[in-house]
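S.K.: This is the structure alone, sequence omitted:
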């Protein structure tokens, strides 16, 4: 019986090749898009779940009295929590910049490697990295120990056993390889390739050093709230109680929020308590993929209902021969399920074509059947297929199986008002989804256009960013390096800064500067004299830095407009600020510069204090060297800089990029979203147009005799277009009108994530609405013109 049903299904599909192809293709496209996003969602939600022990690991961060958040913590914090919290099994501190590439050398072989951190001896007691060679129990016990990944071992030692060998770091100190670790079998927020003990670990061990991330591991599975409560109390008692002069309970009853909080490690990437998260973009993509899949299912259902009249007599005959309504229902559901299976097969083929593009755009590696979560994906795909089958076929199967036998056999195939009402409702839904996508395309495109043309407040054109790997290059030898670079023809100015505009991972921490006895949270940026000239940043009041002693030794400061507004300063000169706990070294505010955007348009411009040197209690280094080039032969100038750099940092290749290109990279996630929304939008329109074309062709085809008679009576193409198309256009207009307020709300919610954004206006939505109506009108007109040009005599003879 099943075999006969399958044969009958394929025979039916072959008889209705056109409608079946549109049905299956539309659903396949929707399934493909949904499966891509489903894979991406699984990938994102698998962050830091590569080992069950990670359920016990938490990252510790600090909230200060001004409610500012700092992921950076003090050097002794890990030991304080480990020694005093009964819930804590172990704790570790690590250096913060995993993305920074450092030079590693073995004899004459030199590589630059990211994913390198310094940590204390307890790192592997917190993070469950698998040791595949060397000391598995105490790999970081020795003060000069280093653990490397298998990839680094191959790069530096080839097929030799690396255990016991030494690697020179920063060309200044050597570490002994004590173990080789296996990379995690899944994505992680810490892409660590090498862990070593810092030679400055003892010297930097004090509460004034905020250069570390702190992680703790609990003895058992407990909630983050319990961990947070325990360690926050310890921190308050040890570090804050003396200043606050009240108990822990009294402090929090008074409304104080200062203290520690934790993020479960597996929540850091997608659900951090503070900071940026990628889950917003993933959620948008998932919603769009679901809408696209829904559009395909609606298209399937609508065409099935419309074409059901062709099978009305078949249903009547089968009922006369004894088939029950239930049996007919399951027959039609089986047919629809087979079509959905065919669609899934085509979708999987399309998926293999689409995944390389998606992986390239999002810089990840997605596979349909990954070893880690293949069964999860299979289960999700099966559930998705069941839902799609029910969504696509439930009503058509009920509709077909309930035909009245007597009416059908008498030649009455009318479906009644209910069938027409549902069909019209599905048309409205389908074009509402298409209109929603078009609104999304317009809004995302306008916001991205606005971002790319927004006045950043500085010029990064022809400014080269050079990553100086050695601190000596940035500090003691900077003037020498600067003069060497200026000797190259085409180099205009050279500067340095600890916060480079356009850097993806920029330091956003602030500190309490004192002004007129009050504390103000401001960012601190170390620069050199020519920084503002190099970036063409405008001076509003006062002066820029000079070679004077005060300027060069942290006795003078320049602030931006936002900082001036926060401090209440109208003019520069004659006013002084000081670094935290450094009242003995006041700095005169000698200049105010125009605000310039460093972090992209998602965040407000930060109030900032710019100083030269590290002579005022706070030491800051890092960042990069900036080189302003003239026009002309840029390639020749860059080549000369590359040659010079071989003598500046011998043995290390130069790492450079152009500042304007780096700043554009801050928009990369939005550019990807724009491309995905555009792809989904045009796909949704294509599905809607295919469905509308097939539906109008079918329904207009049923009115061939009527059209022929009207043409005999004098109706022209315009009359026929108005007659046949007005009902469809009325439905599509309703869809657009219903979608506009929903699209407005969704656009406003998305735009709230930007500090600098476009304002929503009616013309944006008018463009989207007009686009949908024009496309629909053109689709309907094609069928109307085709029918209006047919031979009247042949049509009437056929009738």
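M.R.: Arrived safely. In this text the structure is predicted, and so the values were computed from the model without any measurement.

S.K.: Strands along the stretch 1-150 of the chain, start to end?
M.R.: 57-63, 69-70, 88-95, 102-106, 109-113, 116-118, 131-134, 145-149 (DSSP state E, counting those that start in this stretch).

S.K.: from what I can see residue 131 touches residue 195, true?
M.R.: No: contact criterion Cβ atoms under 8 Å: residue 131 and residue 195 do not qualify, at 11.2 Å. Glycine gets a C-beta too; all of them are placed from N, C-alpha and C.

S.K.: overlap in contacts of these two?
M.R.: With contacts defined as Cβ atoms under 8 Å, 6 or more residues apart in numbering, the residues shared by residue 131 and residue 195 are 124, 147, 181.

S.K.: measure the second one to residue 213 for me?
M.R.: Between residue 147 and residue 213 the distance is 18 Å, computed by Cβ to Cβ, to the nearest Å.

S.K.: for the last one, same thing?
M.R.: For residue 181, the distance to residue 213 equals 19 Å [Cβ to Cβ].

S.K.: got the buried residues for the host helix or strand of residue 283?
M.R.: Element membership for residue 283 (DSSP states H and E) is helix 279-306. By neighbour count with 16 or more other Cβ atoms under 10 Å, helix 279-306 contains the buried residues 279, 281-282, 284-286, 288-306.

S.K.: Against residue 284, how distant is the residue sitting nearest the centre point of the chain?
M.R.: For the chain, the residue nearest the mean C-alpha position is residue 278 (4.2 Å; Cα atoms, centre = their mean). Distance of residue 278 to residue 284, given as Cβ to Cβ: 11 Å.

S.K.: which residues do these two both contact?
M.R.: In contact with both residue 278 and residue 284: no residue, using Cβ under 8 Å, 6+ apart.

S.K.: number of nearby residues for residue 332?
M.R.: The number of residues packed near residue 332 is 24, by other Cβ atoms under 10 Å.

S.K.: meant to ask about residue 517
M.R.: Using other Cβ under 10 Å, residue 517 has 5 other residues around it.

S.K.: quick one, phi psi at it?
M.R.: Backbone geometry at residue 517, expressed as degrees, to the nearest 10, gives phi 80, psi 0.

S.K.: Let's see if you can find the most crowded of the shared contacts of residue 131 and residue 195.
M.R.: Using other Cβ under 10 Å as the neighbour criterion, residue 147 leads the shared contacts of residue 131 and residue 195 with 27 neighbours.

S.K.: re earlier: what's the closest of the shared contacts of residue 131 and residue 195 to residue 135?
M.R.: Nearest to residue 135 out of these is residue 147 (Cβ to Cβ; 8.7 Å).

S.K.: my read: that closest one touches residue 121, true?
M.R.: No: with contact defined as Cβ under 8 Å, residue 147 and residue 121 do not form a contacting pair (11.1 Å).

S.K.: And residue 749, which helix or strand is it part of?
M.R.: Assigned by DSSP H and E, residue 749 falls in helix 717-751.

S.K.: What is that helix packed up against?
M.R.: helix 416-452, helix 668-701, helix 704-712, helix 762-788 (3 or more Cβ pairs under 8 Å, 6 or more residues apart in numbering; DSSP states H and E).

S.K.: who does the very next helix or strand once past the first one pair up with?
M.R.: This means helix 416-452. Going down the chain from helix 416-452, the next helix or strand is strand 463-466, by DSSP H and E. Using DSSP bridges, strand 463-466 pairs in its sheet with strand 624-629 (antiparallel), strand 656-658 (antiparallel).

S.K.: what sits up against whatever helix or strand comes next after strand 463-466?
M.R.: Note on strand 463-466: by DSSP H and E, the next helix or strand toward the C-terminus is helix 471-474. With contact meaning Cβ under 8 Å, 6+ apart, helix 471-474 is reached by 468, 481, 496, 621-623, 625, 648-649.

S.K.: Centre of the chain to helix 471-474, how far?
M.R.: Taking Cα atoms, centre = their mean, to the nearest Å, one finds helix 471-474 lying 34 Å from the centre of the chain it belongs to.

S.K.: domains in the protein, as residue ranges please.
M.R.: Structurally, the chain divides into domains by automatic domain parsing as follows: 2-43+278-451+668-798, 57-267, 468-654.

S.K.: Show me what the helix holding residue 283 is packed up against.
M.R.: Using 3+ Cβ pairs under 8 Å, 6+ apart: helix 279-306 touches helix 17-45, helix 325-362, helix 374-401, helix 416-452, helix 668-701.

S.K.: rerun at 7 Å
M.R.: Applying 3 or more Cβ pairs under 7 Å, 6 or more residues apart in numbering; DSSP states H and E, we find helix 279-306 packed against helix 17-45, helix 374-401, helix 416-452, helix 668-701.

S.K.: Between those, which one is closest to residue 117.
M.R.: Among the helices and strands packed on helix 279-306, helix 17-45 comes nearest to residue 117, with 23.3 Å by Cβ to Cβ.

S.K.: quick one: the closest one to helix 279-306, angle?
M.R.: For helix 17-45 against helix 279-306, the angle by axes from the mean of the first three to the mean of the last three Cα atoms, to 10 degrees is 160 degrees.

S.K.: Just the buried positions in helix 17-45, please.
M.R.: Taking 16+ other Cβ under 10 Å as the neighbour-count basis, helix 17-45 is seen to contain the buried residues 19-20, 22-45.

S.K.: who touches both of residue 147 and residue 121?
M.R.: Shared contacts of residue 147 and residue 121, defined by Cβ atoms under 7 Å, 6 or more residues apart in numbering, comprise residue 140.

S.K.: Find the least confident helix or strand in the protein, judged by mean pLDDT.
M.R.: In the chain, no helix or strand scores lower on mean pLDDT, DSSP states H and E than helix 405-409, which sits at a mean of 54.

S.K.: what about residue 211, how many residues close to it?
M.R.: Neighbours of residue 211 under the rule other Cβ under 10 Å: 16.

S.K.: Any regions of the stretch 351-500 of the chain where pLDDT drops low?
M.R.: 369-374, 392-393, 395-420, 422-423 (pLDDT under 70).

S.K.: quick one on the thing from earlier: pLDDT on the helix holding residue 749, on average?
M.R.: Mean per-residue pLDDT for helix 717-751: 82.

S.K.: what angle sits between it and helix 762-788?
M.R.: 150 degrees.

S.K.: Show me which positions of helix 717-751 end up buried.
M.R.: Buried, per 16+ other Cβ under 10 Å, within helix 717-751: 720-721, 724-725, 728, 731-736, 738-740, 743-744, 746-747, 750-751.

S.K.: Dump the helices and strands packed on helix 279-306 to JSON lines, plus distance to residue 262.
M.R.: Output for those, formatted as JSON lines (distance: least, Cβ to Cβ, whole Å):
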{"stretch": "helix 17-45", "distance to residue 262": "20"}
{"stretch": "helix 374-401", "distance to residue 262": "28"}
{"stretch": "helix 416-452", "distance to residue 262": "34"}
{"stretch": "helix 668-701", "distance to residue 262": "27"}
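
S.K.: Nearest to residue 191, out of those?
M.R.: Nearest to residue 191 among the helices and strands packed on helix 279-306 is helix 17-45 (14.4 Å), distances taken as Cβ to Cβ.

S.K.: Show me how far the helix holding residue 283 is from its chain's centre.
M.R.: 21 Å.

S.K.: same thing with stretch 168-188?
M.R.: 29 Å.

S.K.: Tell me which residues are up against that stretch.
M.R.: Contacts to stretch 168-188, defined as Cβ under 7 Å, 6+ apart, come from residues 43, 46-50, 102-105, 129-135, 139, 142, 144-150, 153, 162-167, 196, 199, 372, 469-470, 651.

S.K.: First residue to last residue on that stretch, what's the distance there?
M.R.: 27 Å (Cα to Cα, to the nearest Å).
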